[in-house]
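Student: sequence and predicted structure below; questions after.
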Amino acid sequence: MAEITRRRTGEFLRELFNILMASPEGLQASAALQALAGRVTLTPYEADSYESGGRRFEKIVRFATVDCVKAGWLVKDKGIWTITDEGREAYRVLPDPEAFYRRACKLYAEWRAAQPDAEVRATGAVEMDVDEPDTSAKLVSVTFEEAEEQAWAEISAYLRAMNPYDFQDLVADLLRAMSYHVTWVSPPGKDGGLDILAWPDALGTRPPRVKVQVKRQQQAVSVDGLRSFMALLGDDDVGLFVCTGGFTRDAESEARTQEKRRVTLIGLEKLFDLWDGHYEKLTDQARRRLPLRSIRFLAPNG
């Protein structure tokens, strides 16, 4: 008999959802799993580790969340786990842990059946059998997401620890790779809230002029901080506000609803995505500010 039943896995998942629903903007997977471990009493089997490394409890939960992702209940992005509206509704209408997990498995099976050359087999409990094709696909997903989480943790820590002026130069390099013409980068010292000036043409005669403020800080930019920056924008200017700490909800709402001032907010994840997307166009000197190297993983199907 398998050591982990559907009911037990459902109990883990519902408690995980309870934790994540308290963080609407998402939670780091490692933090969510740590919080979950503190709320449940693990059996010796669950607390044991695999020979390949990693506690069995974390593997069981990660394995089961693959069903939740394909069910549309959970979103994973760069190690951040976020519950969707569909996931909240499933949590509400399926209070029984076993029914909750069975529904996730059913939705996963429906997704799997819709994939090209899919071979769906019914799975009982969550004992991992690497000879089971469906189980193997889930293991690929778990391995891939753990690698992605580790990579993003290292990249984000690197950017957050970067010298503020080096980080400012990184943003300027990115704009150049995006075909903007950077005419001014603020030297060390007071900058009056403006760090970079750029234009869409080399002579600076064609609007809009791009004004950039760059902040390498841990805390999110508030709506007051955003308004101070927008006060520097003229009618023909476009504002870019880059901050490693992100932006508060009020600041994001303020940027979205602007009618007279055009401003784009760029947090750490968006900045990295832009850097990665334009990496081939960066100069060798620019790449050294944040060097990337691709590593091939077997990607999950879908």
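Tutor: It's in.

Student: list the contacts for the nearest residue to Leu282 once chain neighbours are set aside?
Tutor: For Leu282, ignoring the flanking residues on the chain, the nearest one in space by Cβ to Cβ, 6 or more residues apart in numbering is Ala177 at 4.7 Å. For every residue, glycine as well, the C-beta is placed using N, CA and C. Going by Cβ atoms under 8 Å, 6 or more residues apart in numbering, Ala177 touches 278-279, 281-283, 286.

Student: repeat that for 6 Å
Tutor: 278, 281-282 (Cβ atoms under 6 Å, 6 or more residues apart in numbering).

Student: so how do I select the buried members of those in PyMOL?
Tutor: With 16 or more other Cβ atoms under 10 Å as the criterion, this PyMOL line picks the buried residues out of the contacts of Ala177:
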select buried, resi 278+282
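
Student: any chance of the contacts of Ala177 in a markdown table, plus pLDDT?
Tutor: What follows is the contacts of Ala177, written out as a markdown table (pLDDT from 0 to 100):
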| residue | pLDDT |
| --- | --- |
| His278 | 97 |
| Lys281 | 97 |
| Leu282 | 97 |
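
Student: and the gap between the residue nearest to Leu282 and Phe241?
Tutor: Counting by Cβ to Cβ, to the nearest Å, the separation of Ala177 from Phe241 is 19 Å.

Student: contacts for stretch 31-41?
Tutor: Under the criterion Cβ under 6 Å, 6+ apart, residues 15-16, 19, 58, 81 lie in contact with stretch 31-41.

Student: 7 Å instead?
Tutor: Under the contact criterion Cβ atoms under 7 Å, 6 or more residues apart in numbering, stretch 31-41 has outside partners 12, 15-16, 19-20, 57-58, 61, 81.

Student: how about Pro95: what's its closest non-neighbour residue?
Tutor: Arg14 is the one closest to Pro95 (Cβ to Cβ, 6+ apart), at 8.0 Å.

Student: over to that neighbour: give its phi and psi.
Tutor: Note on Arg14: backbone dihedrals following degrees, to the nearest 10 are phi -60, psi -40.

Student: and it, how many neighbours?
Tutor: Neighbours of Arg14 under the rule other Cβ atoms under 10 Å: 18.

Student: who's in contact with it?
Tutor: By Cβ under 7 Å, 6+ apart, Arg14 lies in contact with 91, 97, 100.

Student: what's the spacing between it and Leu36?
Tutor: For Arg14, the distance to Leu36 equals 10 Å [Cβ to Cβ].

Student: repeat that for Gly245.
Tutor: 26 Å.

Student: higher neighbour count, these two?
Tutor: Ranked by neighbour count (other Cβ under 10 Å), Gly245 and Leu36 place Leu36 first, with 20 against 15.

Student: next SSE downstream of whichever helix or strand that one is part of?
Tutor: Element membership of Leu36, judged by DSSP states H and E, is helix 29-37. Next helix or strand after helix 29-37 toward the C-terminus (DSSP H and E): helix 44-47.

Student: packing partners for that following helix?
Tutor: Using 3 or more Cβ pairs under 7 Å, 6 or more residues apart in numbering; DSSP states H and E, the elements in contact with helix 44-47 are helix 56-70.

Student: for the helix it packs on, which helices and strands make contact with it?
Tutor: Checking 3+ Cβ pairs under 7 Å, 6+ apart, helix 56-70 ends up next to helix 6-21, helix 29-37, helix 44-47, strand 74-77, helix 97-113, helix 133-161.

Student: the helix or strand of the chain with the lowest mean pLDDT: how far from the chain's middle?
Tutor: Scoring the helices and strands of the chain by mean pLDDT, DSSP states H and E places helix 133-161 at the bottom, with a mean of 86. With Cα atoms, centre = their mean, to the nearest Å as the basis, helix 133-161 stands 11 Å off its chain's centre.

Student: the inter-axis angle of that helix versus helix 29-37?
Tutor: Counting by axes from the mean of the first three to the mean of the last three Cα atoms, to 10 degrees, helix 133-161 lies at 110 degrees to helix 29-37.

Student: next structured bit after helix 133-161?
Tutor: Using DSSP H and E, the helix or strand that follows helix 133-161 in sequence is helix 164-177.

Student: per-residue pLDDT, the residue nearest to Ser222 when sequence neighbours are not counted?
Tutor: Closest residue in space to Ser222, ignoring its immediate chain neighbours: Thr248 at 5.3 Å, by Cβ to Cβ, 6+ apart. pLDDT for Thr248: 95.

Student: pretty sure Thr248 sits against Gln219.
Tutor: No - under the criterion of Cβ atoms under 7 Å, Thr248 is not in contact with Gln219, lying 9.3 Å apart.

Student: show me the shaky parts of the stretch 201-302 of the chain.
Tutor: Under the criterion pLDDT under 70, the flagged ranges of the stretch 201-302 of the chain are 302.
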